[in-house]
Each structure stands twice: as structure tokens, then as C-alpha cells.
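Asks: Predicted structure and sequence below. I'll ask about it afterward.
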Amino acid sequence: MESELIYSLLNPRILQKIILRLEIKQKFIEGVTVLDKYVVSGGKPLCGEVTISGAKNAALAIIPAAILSDGICRIENIPNISDTSAVIRILYELGANVKMINKSTIEIDASKITTHVVPYEMTKRMRASYYFMGVMLSRFHKALIAPPGGCDFGVRPIDLHIKGFEALGATVNIESGMVDIQADRLLGSQIYLDSVSVGATINIILAAIKARGVTIIENAAKEPHIVDLANFLNSMGADIRGAGTDVIKIHGVEHLSGTTYSIIPDQIEAGTYMVAAAATGGDVLIKNVIPKHLESITAKLEEVGAVVEEYDDSIRVTRPGKLLKCNVKTMPHPGFPTDMQPQMAALLSTAEGTSIITEGVWDSRFRYVEQLTRMGAQVQVDGKVAVVEGVSELTCAPVKAVDLRAGAAMVIAALMAKGTTHIEDIYHIERGYENIIEKLRDLGADIKRVYIEGQTATQAM
Ligand code: UD1
């Protein structure tokens, strides 16, 4: 349903209906009554071709950044997922004119936005809503924004974002559940990030883009979507250099013009299908990828016995023999991505021997382990380390997606497992994976979405 939102922007009456339905669905989510689940009959290798959508985390920065343009921004290759629908909805509610060109392309004219306020109702569902802080600060020199929602990996501070805004000359107060940011003027500054933060790097770029003088971010994050955001802003006339390295220099400019820009393919969606192919002993050609972005995932899959062939913009994963153990430590890019950690754990749960997974980014990202053990996995967690003793096979069980990537891990586990697994709370998964049911079915998976009302389940899709 939420994917319809993007189409509905053509027609305000349809939009009203969709918003109403979204609100009803949200009530179910908040009231813990979640209606849809996936039903997966496992044990079949995935085979065939899959095409990767645009990068979620790039889109979630680039769409709000259109607010900084004086002209019209045409953004292509937007993934049709509920997180992008939510951010487009925020823009629409703030007063932007958003036009749907086709299912993955929109045009944004943000010239009519006059408010710097983004209330809790708009931000509560997604982490990336914090980018409106940098954007509003840059455009209006003030922002009043509710702190973000999103996946629960323990404490998710925004102190580095605030440190960056303050270094540019803003004052930041948190009162009555709102972050109040004000600046008479923004001046370029040198900002050292005490730890590598994707969100803080992006937010400081956004806030500094029109600041007077030069801003230098040291110990910046290097993720592909930071480079993508910088390329988008540079295509509008910004002057950002060094994105993709740990020192980023931003020369402030007065105006940003309109642009046409196509978002990069999603590294994590591609990685998820790579792991799924290896986990099921399949043979999958993954199209529309940037192989360079997948190197850390490729390296680990080769260690576990998969064969990965790289082409210009596609990658083929097969796994002819047994799954072998390996150790994984998540780190900021170009290290192994934390957003691939749960999927890798699902794969390693049936690898021969003992694998050690160390979470190097988030304090608490093993909440899904309880679900995986319901399917027969043997995993012991001690703080930021999980020890996975490979078992010969997983078995079906009722499980749930505790967050977005944990949900992807449950899907992979279910595809590997004997029997039919039911996965609840799938709204997490649909925040980040476009058409996952169709894409997996095209690869031969037996997966369907089922709508449950009371005790009766009827197939909805
Ligand atoms: C982004 C991604 C998320 C991914 C994460 C790490 C989006 C929308 N989300 O999240 O999927 O898991 O990068 O690759 O792009 N930290 C602080 N202070 C801050 C900010 C962060 O201490 O002000 C810490 C965090 O607690 C965490 C680490 O830095 O331990 C990394 O966080 P960060 O890179 O900021 O993650 P997000 O941008 O929120």
C-alpha cells in the first residue's frame, strides 16, 4: 500500500485516501497489531537474475537536499519502498510541489516551502528524518525538528550532528521533545568527528553547503551514499571535494540550481541477494550494481566458499560446495557494513565450524539472534560479539523481523530452512527492500505475503 503513495502524488484526492490508509496501518503498527506476514517454504536454491533498485540511504539524503535548490530537481532511480514514500510525504506536507514522472523518478520544486518546523508526526517513523535539521538550517538559518525514529540498535545519539551545527555558528537546544537550531549566519569551520558517523557527515555537508567560507570535515564517513549526495549537490552548483575520503572540504556557495540526477544502486540490497544466493547454494546474476561497493561482501562470501564473478555493472554469485566458517567484523566503509551483519549471521548459522561476528558500529545489533535460534541456529552473544556454531540445517519456526536488516536475515534463514517459516512484523523489511516478494519469486523462492485478521489468514499477495 505504501508504495502507492509515490504514484498518488499526481493526484491530491488519491493522496488523501492513501494518507488515511497509511494512518490506519500506522495505528495497527503502533498498537502492536501487525497484519501482514511472509510465509516462506525453504530449501530451494535461488537461481536466475535480479535487478537492484536505487540506494535507500542515498535517496533519504538526496530527496530532502532538494529543498536547498532554487530550481526543480528531477531525481531518478528512487527505490519504491516505504522509507522513501515517508520522506517524500514529509516534503509534500511541508509544501513542496512533488511530481511523479514514473515509478522511480520524481520532480521536486521546493520553492514554496516556508516552514522550518518538522513535527514528530513526520519524523517518528524514520531515522533519516534528521537530515531535515541540516537542510532547514541551511535554507532558513533555523530548524525546529522532532528527533528521529528508525531501527532500534540501542542508543542512537546525534551529538556529532549537533557539534557540527554549533561549529558552523548555530545554537542548539532540545526542549519539549524538539531540537531547536538557530543561527544568525553560518560560517565555514573545521570539524573533527570523534567517531565516524554517516549521519553527522551528511548533516554537516547539508548545513555547510551555503555557509560563508570553507568547511572541513575530518574523520568523515566514506560510505557510497555520501559520495552520491556530494555528486548530487555538486550537480546543483555546490563545491564539495573529497567525498569518499576521510577529509571533505565544502566551499560555501550562494545558490544551488535545479538538476537531473540518478541515484546509485543499493549496496545493501545487492549484498542481501548475494548472501541469499550463497546461503541457498544458488546461482544468481545480480544486475545494476557497482561491484566496487560490494568488495567487502565479496571477500567474505569467497571465504565461506562462494564464487563471485564481477562484471561492469553486475555480479554473479554461486556456491558450489559446502558453506565454510568465517569471522566478520563490521566497520565503517570500506569495512564490512553493519547493515549486512544479520544477513551474514543467518548464512553462517549453517556453515561448518565456529564463526565469530564482531559488531564494530552499533552497541546493540544482535536482537535478531533470539529469532534465529528459534530456527535451530546456535549463537551465543556476549556484548558486541556473537559466536556462531554452524548447525547442519535450520528448521522452520514462527519468527519476526525485529528491524529492517534483521528482517532480511530472517528471510534468508527461511529460504535456507526445512519447512515453512512464518515471518511477522514485515513492515520493517518493506522499509528498505523494493518488491522483495516478486524479486525472490523470480529467483524461484516459494514466498508469499499473507494478511491475517484475527485467527484467519487469507493470502493477500
Ligand atoms: C546510517 C545508516 C544505517 C547504518 C549506519 C552505519 C542511514 C539512514 N542509516 O545510520 O543504516 O547502520 O549509518 O553504517 O543512512 N554516533 C555517535 N554520535 C552521533 C552519531 C553517531 O556517537 O552523533 C555513533 C552511533 O551511535 C554509532 C556510530 O556512530 O555507534 C555510527 O552511526 P552513524 O554512522 O551516524 O549511523 P546513522 O547515520 O544513524
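Replies: Here it is on my side, so go on.
Asks: so where do the helices sit in the stretch 1-150 of the chain?
Replies: Assigned by DSSP state H, counting those that start in this stretch, the stretch 1-150 of the chain shows helices spanning 2-8, 12-30, 56-65, 82-94, 120-123, 131-140.
Asks: which residues touch Gly252?
Replies: 186, 188, 208-215, 239 (Cβ atoms under 8 Å, 6 or more residues apart in numbering). No exception for glycine: its C-beta is placed from N, CA and C like everyone else's.
Asks: What separation do you get for the closest residue in space to it that isn't next to it in sequence and the ligand?
Replies: Excluding the flanking residues, the one nearest Gly252 by Cβ to Cβ, 6 or more residues apart in numbering is Ala211, at 4.4 Å. Distance from Ala211 to the ligand, counting by Cβ to the nearest ligand atom, to the nearest Å: 19 Å.
Asks: Can you report phi and psi for Ala211?
Replies: Phi and psi for Ala211, reported as degrees, to the nearest 10, are phi -70, psi 150.
Asks: and it, what does it touch?
Replies: 138, 168-169, 186-189, 250, 252.
Asks: Please apply the same query to Ile162.
Replies: With Cβ under 8 Å, 6+ apart, Ile162 has these contacts: 172, 179.
Asks: Assign a three-state SS to it, would you?
Replies: helix (DSSP: H, G, I helix; E, B strand; the rest coil).
Asks: now swap in Thr421 and tell me
Replies: strand.
Asks: Out of the contacts of Gly252, which sit inside strands?
Replies: 214-215, 239 (DSSP state E).
Asks: how about the helices of the stretch 351-461 of the chain, start to end?
Replies: Using DSSP H, counting those that start in this stretch, the helices of the stretch 351-461 of the chain run over 369-374, 404-416, 427-430, 436-442.
Asks: Select, out of the ones you listed, the one closest to the ligand.
Replies: Among the helices of the stretch 351-461 of the chain, helix 404-416 comes nearest to the ligand, with 7.7 Å by Cβ to the nearest ligand atom.
Asks: Now that you've got the ones in strands among the contacts of Gly252, can you turn the buried subset into something I can paste into ChimeraX?
Replies: Buried subset of the ones in strands among the contacts of Gly252, written as a ChimeraX selection, criterion 16 or more other Cβ atoms under 10 Å:
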select :215
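Asks: Which of the ones in strands among the contacts of Gly252 sits closest to Ala96?
Replies: When the ones in strands among the contacts of Gly252 are ranked by distance to Ala96 (Cβ to Cβ), Asp239 comes first, at 24.7 Å.
Asks: now the closest one: how far from the ligand?
Replies: Plainly put, Asp239 is 23 Å away from the ligand if you go by Cβ to the nearest ligand atom.
Asks: Report the contact partners of the residue in the chain positioned nearest to the ligand.
Replies: Among residues of the chain, the one nearest the ligand by Cβ to the nearest ligand atom turns out to be Gly199. It sits 2.8 Å away. Contact partners of Gly199, counting by Cβ under 8 Å, 6+ apart, are 127-128, 130-131, 158, 161.
Asks: Let's see that with 10 Å instead.
Replies: 57, 61, 127-128, 130-131, 133-134, 148, 150, 156-158, 160-161, 221 (Cβ atoms under 10 Å, 6 or more residues apart in numbering).
Asks: Equivalent analysis for Leu186, please.
Replies: 137-138, 141, 165, 168-170, 207-213, 215, 252.
Asks: got it, and Pro64?
Replies: Neighbours of Pro64 in contact, by Cβ under 10 Å, 6+ apart: 87-88, 90-91, 94, 96, 108, 110, 118, 128-136, 202, 206.
Asks: most surrounded residue in the contacts of Ala211?
Replies: Ile250 (27 neighbours; other Cβ atoms under 10 Å).
Asks: Which element, helix or strand, includes it?
Replies: Secondary structure from DSSP states H and E places Ile250 in strand 247-251.
Asks: Enumerate the positions of the first helix or strand past that strand going along the chain that are buried.
Replies: Where DSSP H and E defines the elements, the next helix or strand beyond strand 247-251 is strand 259-262. For strand 259-262, a neighbour-count test (16+ other Cβ under 10 Å) marks 259, 261-262 as buried.
Asks: CSV for those, including distance to the ligand and pLDDT?
Replies: Listed next are those as CSV, based on distance: Cβ to the nearest ligand atom, whole Å; pLDDT from 0 to 100:
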residue, distance to the ligand, pLDDT
Thr259, 21, 98
Tyr261, 18, 98
Ser262, 19, 98
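Asks: distance of the closest residue to Ile204 other than its chain neighbours from Ile202?
Replies: Spatial nearest neighbour of Ile204, chain neighbours left out: Gly164 (3.7 Å); criterion: Cβ to Cβ, 6+ apart. Plainly put, Gly164 is 10 Å away from Ile202 if you go by Cβ to Cβ, to the nearest Å.
Asks: shared neighbours of those two, anything?
Replies: In contact with both Gly164 and Ile202: Gly134, using Cβ under 10 Å, 6+ apart.
Asks: What sits closest to Met236 if chain neighbours are left out?
Replies: Leu256 (4.0 Å).
Asks: Surely the one you found touches Val135?
Replies: No. Counting by Cβ atoms under 10 Å, Val135 is not a contact partner of Leu256; they are 11.3 Å apart.
Asks: okay, and the common contacts of those two?
Replies: Common neighbours of Leu256 and Val135 (Cβ under 10 Å, 6+ apart) are 65-68, 209.
Asks: among these, which two are most distant?
Replies: Farthest pair in these (Cβ to Cβ) is Ala66 and Ile209. Separation: 12.4 Å.
Asks: average pLDDT across the longest strand along the chain?
Replies: Longest among the strand segments of the chain by residue count, using DSSP E, is strand 446-453. If you average the pLDDT over strand 446-453, you get 86.
Asks: same for it, what does it pack against?
Replies: In terms of contacts (3 or more Cβ pairs under 10 Å, 6 or more residues apart in numbering; DSSP states H and E), strand 446-453 is packed against strand 36-41, helix 404-416, strand 420-424, helix 436-442, strand 456-459.
Asks: Fine by me, thanks again.
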